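# Okay, here's the prediction I keep looking at, along with the sequence it came from:
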Amino acid sequence: MTLQLTAPEPKYLPSVRAAIAEYAAAPSEFEIHAVRKMINAAQTDFISYFETVRNESLGINLKPNHVSHTTFWLVDNDKYIGTFDLRHTLTPSLEQVGGHIAYQIRPSEQGKGYAFAGLKLCLEKAHQIGLEKVLITCTQKNLASYAVMHKAILEIGGIEAPHTVINGITERRVWVWTQKRSGKIRPLVIAVIKKENKVLAIPCYDSVKNEKFYRLPGGGIEFGETFEQALKREIKEEIGANIIIGKQLGVFENIFIFNGKQGHEIIIAYEAALPPEYMAQDKIAMIEAEFAGYFYEFTEITPDKRIYPKILRQDKKSSPWRRVFGFSFISTKLLQ
Ligand SMILES: CC(C)(COP(=O)(O)OP(=O)(O)OC[C@H]1O[C@@H](n2cnc3c(N)ncnc32)[C@H](O)[C@@H]1OP(=O)(O)O)[C@@H](O)C(=O)NCCC(=O)NCCS
């Protein structure tokens, strides 16, 4: 198959008309605007349709509150397969419902992987116009579209965004990267050091999200080091203390966005303590040159505090938080 996303062209019209007959025979609950426009054109004339889609791609004669958008036809050789519509920017309304990309596959070609294949081509187009990530949304009931969005996160990369509820309808939203992001997984060992209902953590700030959060002490495991050797070395380097390591709390994964960049860590967590002279302090100065002026602090664990990795806070029986502190907090908002 020679699959491509192309500008709408007269040579595909016989196939498009056949697809429109399919749409008439099997109307879709989730018809997208770009297909409705195509169906309307079949009843009037395609000449002005071709001109309208060209203009709208260039930002000419846009309807009020509409942004420039490019309509593509997904074709396999000369056969029309579906329509993809790429909005070049978002408006506050599109951020809630609609997103950057809408797609529809003709009924006779659904379930063959075309939506995902077409989406990959559309992500390339989005990348060409300078988008690093795109928002895709669908109603909660649209299981097929959600399956495509979910597959895109898994295979290309992305992140699920909080859903919206508009007029009682729940809209699922995902951000998908327009190019696969490559990076390294970092093995990390951390310490959960408890003092009453407080935990030792360092306050950090994400300037892109404009968000304060806390990170537990620890660091990367070097080649040839055991988990415990790495934790001892890291704590010695950071605050000069000889850490006392207790039981291992488990292995966790942490996939996150910090300052706009994706990170991926495999974390081994230990319950631990510091010598009494350190435990007596509320704030412990970091001595490592690159962290001069920073302090670890025993911070109270409250539901409004973002302490990472978030798995620690999840309300599961196996949650290390529950095992160390005897309680855990869950706040869907804070677990984002
Ligand atoms: C959503 C749509 C584009 C999917 O097209 P498609 O070509 O059938 O999709 P694909 O074949 O690429 O993949 C569909 C995935 O959805 C899954 N799927 C299909 N129908 C499903 C259903 N009813 N429930 C759950 N999953 C479903 C498939 O199993 C497949 O997942 P898999 O690859 O893990 O097996 C198509 O159904 C459509 O045109 N719907 C109408 C318009 C629409 O809803 N557009 C999206 C608006 S946001």
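Arrived safely, thanks for sending. Residues are numbered from 1 along each chain as shown.
# Summarise which helices and strands the longest strand anywhere in the chain is packed against.
Selection of the longest strand in the chain by residue count, based on DSSP state E, yields strand 244-258. Helices and strands touching strand 244-258, by 3 or more Cβ pairs under 8 Å, 6 or more residues apart in numbering; DSSP states H and E, are strand 186-195, helix 227-239, strand 261-273, helix 320-325. Where C-beta positions appear, they are placed from N, C-alpha and C, glycine not excepted.
# tell me how far the shortest one is from the chain's mean position?
Relative to its chain's centre, helix 320-325 lies at 28 Å (Cα atoms, centre = their mean, to the nearest Å).
# Average pLDDT for the longest strand of the chain, rounded please.
Predicted confidence along strand 244-258 averages 88 (mean pLDDT).
# Name the residues of it that are buried.
For strand 244-258, burial by neighbour count (16 or more other Cβ atoms under 10 Å) applies to 245, 249, 252, 254, 256, 258.
# Redo the residues you listed as TSV? Include distance to the ligand.
Written out in TSV, the entries for the buried residues of strand 244-258 read as follows (distance: Cβ to the nearest ligand atom, whole Å):
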residue	distance to the ligand
245	43
249	34
252	27
254	26
256	25
258	29
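# winner for burial among the helices and strands packed on strand 244-258?
Comparing these by mean neighbour count (mean count of other Cβ atoms under 10 Å), strand 186-195 ranks first with a mean of 22.
# From the contact counts, what lies against it?
Under the contact definition 3+ Cβ pairs under 8 Å, 6+ apart, strand 186-195 sits against strand 198-206, strand 218-220, helix 227-239, strand 244-258, strand 261-273, helix 320-325.
# Mind listing the strands the second one pairs with, and their directions?
Meaning strand 218-220. Under the criterion DSSP bridges, strand 218-220 sits next to strand 186-195 (antiparallel) in its sheet.
# what do you get for the fourth one?
Neighbouring strands of strand 244-258 in its sheet, by DSSP bridges, are strand 261-273 (antiparallel).
# relative to strand 198-206, how tilted is the partner strand?
Using axes from the mean of the first three to the mean of the last three Cα atoms, to 10 degrees, the direction of strand 261-273 lies 160 degrees away from that of strand 198-206.
# Quick check: buried residues in the following helix or strand past strand 261-273?
Sequence-wise, the next helix or strand downstream of strand 261-273 (DSSP states H and E) is helix 276-279. Residues of helix 276-279 classed as buried: 278-279 (neighbour count, 16+ other Cβ under 10 Å).
# residues in contact with helix 276-279?
Taking Cβ atoms under 8 Å, 6 or more residues apart in numbering as the criterion, the residues outside helix 276-279 that touch it are 195, 239, 241, 273, 284.
# Which secondary structure element is home to residue 40?
Assigned by DSSP H and E, residue 40 falls in helix 33-43.
# how about that helix, does it reach the ligand?
No. Taking Cβ under 6 Å from any ligand atom as the criterion, helix 33-43 and the ligand are apart, separated by no less than 7.6 Å.
# So which elements touch that helix?
Against helix 33-43 (3+ Cβ pairs under 8 Å, 6+ apart) you get helix 13-25, helix 46-58, strand 79-87, strand 101-105.
# Including mean pLDDT, mean neighbour count and distance to residue 113, could the ones you listed go into TSV?
Compiled in TSV, those are given as follows (pLDDT from 0 to 100; neighbours: other Cβ atoms under 10 Å; distance: least, Cβ to Cβ, whole Å):
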stretch	mean pLDDT	mean neighbour count	distance to residue 113
helix 13-25	97	15	18
helix 46-58	96	15	26
strand 79-87	98	23	11
strand 101-105	98	25	10
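# which stretch among the ones you listed comes nearest the ligand?
Set against the ligand and scored by Cβ to the nearest ligand atom, the helices and strands packed on helix 33-43 come closest in strand 101-105, at 3.9 Å.
# tell me what the closest one is packed against?
helix 33-43, strand 79-87, helix 114-128.
# now it: how far from the chain's centre is it?
With Cα atoms, centre = their mean as the basis, the mean position of strand 101-105 lies at 20 Å from the chain mean.
# Name every strand pairing with that strand and say which way it goes.
Based on DSSP bridges, the pairing partners of strand 101-105 within the sheet are strand 79-87 (antiparallel).
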